[in-house]
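[1] sequence? don't have it. structure:
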């Protein structure tokens, strides 16, 4: 039983690690290729990179707040549904 869990976990970690290495290699190769093919355009694009990161960080912060609000709403609705179902069971028990 533990061996099955271990092999599943190690397989998942191996897949994730391979995907991370693949993504890093693609990014590095893309940057090198951009500077080889068109160094001026690549430099201009990378000059805007910090601005894009700033907007990405702001968007992520807003998205995080919205997701936290959604989770809280889902918890509240779940508790309301649970109370309603328990009330229905209680009423049915009197029949």
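    Yep, that arrived. Remember, it's a predicted structure, so these values are computed and weren't measured experimentally.
[2] show me what the helix or strand containing residue 85 is packed against.
    Under DSSP states H and E, the secondary-structure element containing residue 85 is helix 49-93. In terms of contacts (3 or more Cβ pairs under 8 Å, 6 or more residues apart in numbering; DSSP states H and E), helix 49-93 is not packed against any helix or strand. From N, CA and C alone the C-beta is placed, and that goes for glycine too.
[3] for the protein, give me the ranges with low pLDDT.
    With pLDDT under 70 as the threshold, the chain has low-confidence stretches at 1-14, 95.
[4] give me the domain ranges for it.
    Residue ranges of the domains in the chain are recorded as 1-47, 48-95, according to automatic domain parsing.
[5] is residue 34 in a helix, a strand, or coil?
    Each residue gets one of three states, and residue 34 gets helix by DSSP: H, G, I helix; E, B strand; the rest coil.
[6] next, the nearest residue to it once chain neighbours are set aside: secondary structure please.
    Spatial nearest neighbour of residue 34, excluding adjacent residues (Cβ to Cβ, 6 or more residues apart in numbering): residue 42 at 3.9 Å. The assignment at residue 42 comes out as helix when based on three-state DSSP.
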